[in-house]
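Enquirer: Sharing a sequence plus its predicted fold:
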Amino acid sequence: MRYYIRKLGFYAVALWAALTLNFFIPRLMPGNPVDTLMARLAQRGGSVDPSVRRAYELLLGTDSSEPLWNQYLSYLAGLARGDLGISVSVFPTPAAEVIRQSLPWTIVLVGLATLISFLLGVGLGMFTGWRRGTWLDQLVPATTVLAAVPYFWLALILVAVFGSALGWFPLLGGYDVILDPGWNGEFLASALYHGTLPALTIVISSVGGWLLGMRNMMVSTVDEDYVLTARAKGLRERRVMTHYAARNAVLPSVAGFAISLGFVVAGSIITEQVFSYPGIGGKLLQAVQNNDYALMQGIFLVITVAVLGANLVVDLLYGLIDPRTRAGG
């Protein structure tokens, strides 16, 4: 029990530290969201007198006359109420609403692509490690080269070949714009069709890392005593591979997969930009460009909670799977 209490305490402190950095880092950037709104107002010929600026400051929680410490406490109080503030990028929409609309796109795209690349990489790594020295070893350099290719370059190549030259897939967007978003077969088919190339980019660029990691762990695991004992008992090779070697070799990959799932909500900014995909990555870039404190803080908060939550689940599961990890507790 002390092991789990210690873990929960550690993650609670980590969450507080992340929330604090989440507040201060955007404010260290040059400019502020009020200047962005005032510039837009001036372009439209609106009033830019001090009273308007003061109203914007109060609305956005960036009152220049208020100490930063008070703004920090107001920020924490707003989070406790579930209020992330008003987004400047899509003013006057609440930041929570912007995140709610874009987050599902990224979770589906990057989440499914990450899961597919993990299963594919771990599966191939298991076989290449079990049958090391055969032709399967050629998969390692091939996939490693693909993993070293920059995201944007690989995305552009796929767009040029499969989107532009062959015309098999659409070049831009997350769905056909003539359709109304909803849980119907036509819209879901369109979303799947538009998401194929972005997902393929993520799978191709990440499967090599999973394959290499699993393969190396399998190579070191097959010589362990428990694997030799299983073989001496006369168990079938497939059972020895899956139930004895792979079951232990996959543990580091599971931890890495959990961390990857945490970063799913961060999306793939470059991939989403290349394909003009309506995910959270594009919104984050838009928020940075507009000094949108509320939207930046909201997105960083979602990313932080997802990463910490994924790590916490893995830590707790590790304690159940491998009792040695909690021996000190």
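Expert: Looks like it came in fine.

Enquirer: Pull the contacting residues for residue 250.
Expert: 122, 126, 214, 217 (C-beta atoms under 8 Å, 6 or more residues apart in numbering). In this view, the C-beta of every residue, glycine as well, is placed from N, C-alpha and C.

Enquirer: how many other residues sit next to the closest residue to the last one other than its chain neighbours?
Expert: Pointing back at residue 217 there. Once flanking residues are discounted, residue 217 sits nearest to residue 249: 3.8 Å by C-beta to C-beta, 6 or more residues apart in numbering. When neighbours are defined as other C-beta atoms under 10 Å, residue 249 has 27 of them.

Enquirer: cool, residue 187 as well?
Expert: 15.

Enquirer: What of residue 29?
Expert: So residue 29, with other C-beta under 10 Å, has 11 neighbours.

Enquirer: now swap in residue 227 and tell me
Expert: Per other C-beta under 10 Å, the neighbour tally for residue 227 reads 17.

Enquirer: Kindly report the same for residue 257.
Expert: Residues lying near residue 257 (other C-beta under 10 Å) number 21.

Enquirer: Would you mind confirming that it is in contact with residue 118?
Expert: Yes - the pair residue 257 / residue 118 is scored as a contact, 5.0 Å apart, by C-beta atoms under 8 Å.

Enquirer: count of residues packed around the closest residue to residue 290 other than its chain neighbours?
Expert: Excluding the flanking residues, the one nearest residue 290 by C-beta to C-beta, 6+ apart is residue 89, at 4.7 Å. Counted with other C-beta under 10 Å, residues neighbouring residue 89 total 21.

Enquirer: any idea how far residue 256 is from residue 206?
Expert: Noted for residue 256: a distance of 11 Å to residue 206, by C-beta to C-beta, to the nearest Å.

Enquirer: Looking at these two, which is more packed in?
Expert: residue 206 (23 against 16).

Enquirer: Just say helix, strand or coil for that one.
Expert: What DSSP: H, G, I helix; E, B strand; the rest coil gives for residue 206 is helix.

Enquirer: likewise residue 183?
Expert: Going by three-state DSSP: residue 183 is coil.

Enquirer: I'd like to know how far the residue nearest to residue 217 sits from residue 130.
Expert: 9 Å.

Enquirer: shared neighbours of these two, which are they?
Expert: Contacts common to residue 249 and residue 130, judged by C-beta under 8 Å, 6+ apart, are residue 218.

Enquirer: Quick one: list the elements packing against the strand or helix carrying residue 100.
Expert: Per DSSP states H and E, residue 100 falls inside helix 95-130. Contacts defined by 3 or more C-beta pairs under 8 Å, 6 or more residues apart in numbering; DSSP states H and E place helix 95-130 against helix 139-148, helix 185-221, helix 251-262, helix 280-289, helix 293-321.

Enquirer: so which of the ones you listed gets nearest residue 34?
Expert: Proximity to residue 34 (C-beta to C-beta) singles out helix 293-321 among these, at 9.8 Å.

Enquirer: In the closest one, which residues are buried?
Expert: 293-304, 306-308, 310-312, 314-315, 318-319 (16 or more other C-beta atoms under 10 Å).

Enquirer: Quick check: the gap between residue 314 and residue 254.
Expert: In terms of C-beta to C-beta, residue 314 sits 7 Å off from residue 254.

Enquirer: Now residue 34. Nearest residue, chain neighbours left out?
Expert: Distances taken as C-beta to C-beta, 6+ apart place residue 56 nearest to residue 34, at 4.8 Å, with adjacent residues excluded.

Enquirer: how about low-confidence regions in the stretch 51-200 of the chain?
Expert: For the stretch 51-200 of the chain, applying pLDDT under 70 flags the ranges 61-66.

Enquirer: could you redo the last one with a cut-off of 90?
Expert: Applying pLDDT under 90 to the stretch 51-200 of the chain flags the ranges 51-118, 121-200.
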